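**Student:** What shape does this take:
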Amino acid sequence: MDPFTIAMLGLSAYSAFSGQKAEKKQAGIESRYLGKQIKGIDTALGKLGGVKESQEQVAKTQYDIGQERLNVGSSQAQQNIRSQYGQAVQQSGMATTAGAEEYQQRATKQAENQFSFQSDDLMSNLGQSLAGVEEWYTGEQDRLKSEKMSLEFQKKQANEKKKGFYFGSKPGWG
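**Tutor:** Numbers count the residues shown, from 1 in each chain. This is a model prediction of the structure:
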């Protein structure tokens with residue numbers, strides 16, 4: 001073998017080994033970076049339950065506020081009915097009036113029905129809100145778990161690359 005060929009072989013071998021060394025160093029950096037990302041996802045997964053609880057509490061608080069407003073409105077409606085009944089009895093000059101009593105019964109029943117419908121609407125809205133929170137929670141949880149699995153796979157590949165042998169390479173060849 002002539003000296004030029006030997007020099008070229010030596011240079012090629014040096015390039016291969018120094019390239020592999022740089023690749024291993026880069027793989028180590030990549031592995032540490034992926035580890036930090038995985039840790040961040042673990043932290044996010046840990047906090048996800050608290051965020052879900054907060055969102056559920058907001059929905060329940062909105063329901064409670066709506067129910068309180070409805071109770072106040074119902075109470076005022078009952079007072080108005082009693083007041084109107086009293087005025088009808090006074091105007092007729094009798095202790096009781098069949099028409100006034102019938103009006104009071106119809107108005108009371110109508111107010112009760114209205115309260116019931118509005119209360120059902122509030123309960124339906126609460127159910128929809130809580131279902132939306134649950135849907136968000138499971139979707140976010142699944143997304144984070146999927147991302148974590150992907151990062152763990154990438155980290156495993158980087159660790160193999162750091163060792164000097166990984167899928168897609170041959171030992172000793174960068």
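**Student:** Return the list of helices and strands in contact with the biggest helix by length in the chain.
**Tutor:** Secondary structure of the chain read by DSSP state H shows that its longest helix is helix 3-92. If you count contacts as 3 or more C-beta pairs under 8 Å, 6 or more residues apart in numbering; DSSP states H and E, helix 3-92 packs onto helix 98-163. Where C-beta positions appear, they are placed from N, C-alpha and C, glycine not excepted.
**Student:** Could you tell me the average pLDDT over the helix it packs on, please?
**Tutor:** Computed over helix 98-163, the mean pLDDT rounds to 85.
**Student:** quick one on the thing from earlier: and the longest helix of the chain with helix 98-163, angle?
**Tutor:** Using axes from the mean of the first three to the mean of the last three C-alpha atoms, to 10 degrees, the inter-axis angle of helix 3-92 relative to helix 98-163 is 170 degrees.
**Student:** ok now helix 3-92, how far from the chain's centre?
**Tutor:** 5 Å (C-alpha atoms, centre = their mean, to the nearest Å).
**Student:** ok now do the residue nearest to Lys60 when sequence neighbours are not counted, which residues does it touch?
**Tutor:** Counting by C-beta to C-beta, 6 or more residues apart in numbering, the nearest residue to Lys60 once its immediate chain neighbours are dropped is Leu126, at 6.9 Å. With contact taken as C-beta atoms under 8 Å, 6 or more residues apart in numbering, Leu126 is in contact with 59-60, 62-63.
**Student:** Would you mind measuring from Leu126 to Ile65?
**Tutor:** Going from Leu126 to Ile65 by C-beta to C-beta, to the nearest Å gives 11 Å.
**Student:** can you check Thr138 too?
**Tutor:** Counting by C-beta to C-beta - Thr138 and Ile65 are separated by 27 Å.
**Student:** Separate out the buried members of the contacts of Leu126.
**Tutor:** Among the contacts of Leu126, those buried by neighbour count (16 or more other C-beta atoms under 10 Å) are 59, 63.
**Student:** right, and Leu34 touches Ala158 too?
**Tutor:** Yes. Under the criterion of C-beta atoms under 8 Å, Leu34 makes contact with Ala158 at 6.3 Å.
**Student:** shared neighbours, these two?
**Tutor:** What both Leu34 and Ala158 touch, as defined by C-beta under 8 Å, 6+ apart, is an empty set.
**Student:** Now pLDDT and distance to Ala107 too, for the contacts of Leu126, in JSON lines please.
**Tutor:** Listed next are these as JSON lines, based on pLDDT from 0 to 100; distance: C-beta to C-beta, whole Å:
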{"residue": "Ala59", "pLDDT": "91", "distance to Ala107": "33"}
{"residue": "Lys60", "pLDDT": "91", "distance to Ala107": "32"}
{"residue": "Gln62", "pLDDT": "89", "distance to Ala107": "30"}
{"residue": "Tyr63", "pLDDT": "88", "distance to Ala107": "27"}
